[in-house]
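>>> below are the sequence and a predicted model for it; my questions follow.
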Amino acid sequence: MKKLMLTACVLIAYAALGQFQTSNSHWTGARTAVADIENPLDNHEPAGEISDAEAIKTYASMKDSLLRNYASSLVKAAGEYASWHQFNNSPYVSEQHGDRLVNDYGNDKATGYGDFENGGILPVGAVIAMDSFKIIPSCLPLAITADAVEAGPLFVMEKMEHGFNPGTGDWQFSMISPDGVLVGQTLGTGHDKVQFCADCHQSVSQEQDWLFFLPHKYRREGQRLASETTR
């Protein structure tokens, strides 16, 4: 039985190495299961526990590749968000986004998001972007194979003009796959594929502008541009 389990573990490890880049090497691109791209709320197993320091280090190693791939979607926010204000001090796990590790950014009009529960209603033109990834622990010693890193989608919310779509609080939701494909956008391509985003955010009080906020532990003290943040 032990031999059988080890064989299965080795096969899983080889499959992971074929699909993903390892976290201790240069991360070069996106490999994500189709189910994850189409629906970030699927019931896959969450990634194992990792420290904040490990999450920060991994994100720093893959961030440039994430940006290049997202930007190929030609969605404006996807090519700009990395220079915006970053609201978290470390990647954190978001259950609403498939238990992935995520980071929150906002443009100048979205800086009020950094006031969290006291931020009120954001103005037209406010854009919030959340990139995502996952670290999948190896079932073998690190000397044999390292943990795998899986890129996740980029999630974008943009506050549109009043009357754009009352059903989404005038927010336009967009989701971009790790390889730069626009999966869905409110009242646009793949509208139905991001409807679950609106449905989820609709559960938040309108006084909170349909917005969820990150855990207190991960809220950045004061706001700095992401380019000014030392990783």
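Ah, there it is. Please read these numbers as outputs of a predicted model, since none were measured by experiment.

>>> select the longest strand from the chain.
strand 127-136 (DSSP state E).

>>> listing partners with orientation, what would you give for the helix or strand following that strand?
Sequence-wise, the next helix or strand downstream of strand 127-136 (DSSP states H and E) is strand 148-151. Paired strands of strand 148-151, with direction, are strand 21-22 (antiparallel), strand 127-136 (antiparallel) (DSSP bridges).

>>> model confidence over the first one, on average?
Strand 21-22 comes out with an average pLDDT of 43.

>>> sorry, back to before: mean neighbour count added to the strands paired with strand 148-151, as CSV?
In short, each C-beta sits where N, CA and C put it, glycine included. Shown next, in CSV, are the strands paired with strand 148-151 (neighbours: other C-beta atoms under 10 Å):
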stretch, mean neighbour count
strand 21-22, 18
strand 127-136, 24
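
>>> ranking the ones you listed by mean pLDDT, which is last?
The weakest mean pLDDT among those belongs to strand 21-22, with a mean of 43.

>>> circling back: which one of the strands paired with strand 148-151 lies nearest to Leu154?
Nearest to Leu154 among these is strand 127-136; the distance by C-beta to C-beta comes to 5.1 Å.

>>> keeping just the C-alphas, turn the closest one into CSV.
What follows is strand 127-136, C-alpha atoms only, in CSV (Å, rounded to 0.1, in the frame of the first residue of the first chain):
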residue,chain,number,x,y,z
VAL,A,127,-11.3,50.9,-10.7
ILE,A,128,-10.3,48.1,-8.4
ALA,A,129,-8.2,45.2,-9.6
MET,A,130,-7.3,41.9,-7.8
ASP,A,131,-4.7,39.5,-9.2
SER,A,132,-4.5,36.0,-7.9
PHE,A,133,-2.3,32.9,-7.7
LYS,A,134,-1.9,29.7,-5.7
ILE,A,135,0.9,27.7,-4.2
ILE,A,136,0.3,24.0,-4.3
